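Undergrad: Next comes the sequence, and after it the predicted model I'd like to discuss.
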Amino acid sequence: MVEEATNTVVPPEAQSEAWAGARTAHWADAWAEVPALLRAGAGLPPPFEAMFGPLRQGAADDLVVVGQLGQSLDGRIATTSGHSKYINGPAGLDHLHRIRALVDGIVVGIGTALADDPQLTVRRVAGPNPARIVIDPGGRLPRSARLLAPGVRRLVVTLADARPDVADDVEVIALSAGPDRHFAPAAILAALAGRGFRRLLIEGGARTVSSFLSAGCLDRLHVVVAPIILGSGRPSLELQEIERADQAMRPRATAYAIGEEVLFDCDLSPQRRAVGTANRST
Ligand SMILES: NC(=O)c1ccc[n+]([C@@H]2O[C@H](COP(=O)([O-])OP(=O)(O)OC[C@H]3O[C@@H](n4cnc5c(N)ncnc54)[C@H](OP(=O)(O)O)[C@@H]3O)[C@@H](O)[C@H]2O)c1
């Protein structure tokens, strides 16, 4: 059965002067307090309350899990060769760095770690750097990977018999998996919750975000659509096949124009399964 969804499009002129003046000092000032306010459970200045307020508290348990995808108009997150660097423009990248600044940890799959060698730091906006977590069942991450640079907690989620080549201060989470070497996303979240994580960003790539989505392990999904057409490449999501369009997931979504790009903030809380501990107030 398909649930009725109420989608909202917020036109740029109604998104407060803050969006229109995205590069003004006033806008930067409005952002500066947001990471601390969110962590304190307080309201956020406009326009950030609408967009990031839902990250204050999860609906199902003590965790808030947000996925993000930066994609082309034709739904690709990378070229066939795996190149994704210029899909999103400045507005989309700023948005990604804002989410990073709001979470305790960023999770990426080993495919992204190998293809992009990302730093996973907050560089484009003010805010703290979160922990960096890579799902690497086979222990393939090279010791030189930039996400292993010291300064914050770094964690590798791996199979019990894998031997990741990492420094002593990198935390290794050994999980068991079936013959397909696939960890249940709920087990990854539970392990991270047990290590004190409360807000997590599942940053990519497609396989990782897709597996968290299909396992009911996302509270929100932020999709930033850039006005480019790749015409070929890797799809942003790969889920189980459906036969009919009316079987599609139809999350409640709000669209925001951010610069030339459009953010779809999808509310997945109705299908989020509980994995953490009971809800706290902040
Ligand atoms: N535009 C964007 O927003 C964006 C963001 C991030 C990345 N990207 C692009 O996405 C591409 C990489 O995406 P991808 O889908 O190929 O790879 P990925 O999702 O980054 O990594 C997938 C791999 O991570 C491991 N993994 C993830 N979840 C797992 C689980 N639950 N259990 C066990 N292992 C798990 C597996 O490693 P094993 O293979 O070792 O089993 C899996 O094959 C790159 O081209 C990158 O540039 C784009």
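TA: Received it, and whenever you're ready, just let me know what you need.
Undergrad: What parts of the stretch 1-150 of the chain come near the ligand?
TA: Counting by C-beta under 6 Å from any ligand atom, the residues of the stretch 1-150 of the chain close to the ligand are 69-70, 77-78, 82, 84, 87, 108-112, 115-116, 135, 137-138, 140. C-betas here are computed from N, CA, C, even on glycine.
Undergrad: Just the buried ones from those residues, in ChimeraX syntax?
TA: Filtering those down to the buried ones (16 or more other C-beta atoms under 10 Å) takes a single ChimeraX command:
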select :69,70,77,78,84,87,108,109,110,111,112,115,116,135,137,140
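Undergrad: Mind checking which of the residues of the stretch 1-150 of the chain next to the ligand are in helices?
TA: Counted as lying in helices by DSSP state H, out of these, are I110, G111, T112, A115, D116.
Undergrad: Name the residues of stretch 87-106 that come out as buried.
TA: Result for stretch 87-106 [16+ other C-beta under 10 Å]: buried residues 87-89, 91-106.
Undergrad: nope, stretch 253-266 is what I was after
TA: Result for stretch 253-266 [16+ other C-beta under 10 Å]: buried residues 253-259, 261-266.
Undergrad: ditto for stretch 33-53
TA: For stretch 33-53, the neighbour count (16+ other C-beta under 10 Å) marks V34, P35, L37, L38, L44, P45, P47, F48, E49, A50, M51, F52 as buried.
Undergrad: Would you check which pair of the residues you listed lies furthest apart?
TA: Maximum pairwise distance among the buried residues of stretch 33-53 (C-beta to C-beta): 16.7 Å, between P35 and A50.
Undergrad: L263 against A255, yeah?
TA: Yes. In this structure, L263 is within contact of A255 by C-beta atoms under 8 Å, at 6.9 Å.
Undergrad: show me where the stretch 1-150 of the chain has strands.
TA: 8-10, 64-71, 76-78, 105-109, 131-135 (DSSP state E, counting those that start in this stretch).
Undergrad: Need these in TSV (columns: distance to V125 and mean pLDDT).
TA: Below are the strands of the stretch 1-150 of the chain laid out as TSV (distance: least, C-beta to C-beta, whole Å; pLDDT from 0 to 100):
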stretch	distance to V125	mean pLDDT
strand 8-10	21	59
strand 64-71	15	98
strand 76-78	22	96
strand 105-109	14	98
strand 131-135	17	98
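Undergrad: between the ones you listed, which one is nearest to L148?
TA: Closest approach to L148 among the strands of the stretch 1-150 of the chain (C-beta to C-beta): strand 131-135, 7.7 Å.
Undergrad: which other helices and strands contact the closest one?
TA: strand 105-109, helix 110-116, strand 154-159 (3 or more C-beta pairs under 8 Å, 6 or more residues apart in numbering; DSSP states H and E).
Undergrad: from the chain's centre, how far out does that strand sit?
TA: Relative to the mean C-alpha coordinate of its chain, strand 131-135 is positioned 12 Å out (C-alpha atoms, centre = their mean, to the nearest Å).
Undergrad: Could you list the paired strands of that strand along with their orientation?
TA: strand 105-109 (parallel), strand 154-159 (parallel) (DSSP bridges).
Undergrad: all helices for the stretch 101-250 of the chain, in order.
TA: Using DSSP state H, counting those that start in this stretch, the helices of the stretch 101-250 of the chain run over 110-116, 185-194, 206-214.
Undergrad: so what does the shortest one touch, helix or strand wise?
TA: This means helix 110-116. strand 131-135, helix 206-214.
Undergrad: okay if I get those as JSON lines plus distance to V172?
TA: Shown next, in JSON lines, are those (distance: least, C-beta to C-beta, whole Å):
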{"stretch": "strand 131-135", "distance to V172": "11"}
{"stretch": "helix 206-214", "distance to V172": "18"}
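Undergrad: Go through those and pick out the most buried.
TA: Comparing those by mean neighbour count (mean count of other C-beta atoms under 10 Å), strand 131-135 comes out on top with a mean of 26.
Undergrad: Excluding chain neighbours, give the residue nearest to A174 in space.
TA: The spatially closest residue to A174, leaving aside those adjacent along the chain, is A160, at 4.3 Å (C-beta to C-beta, 6 or more residues apart in numbering).
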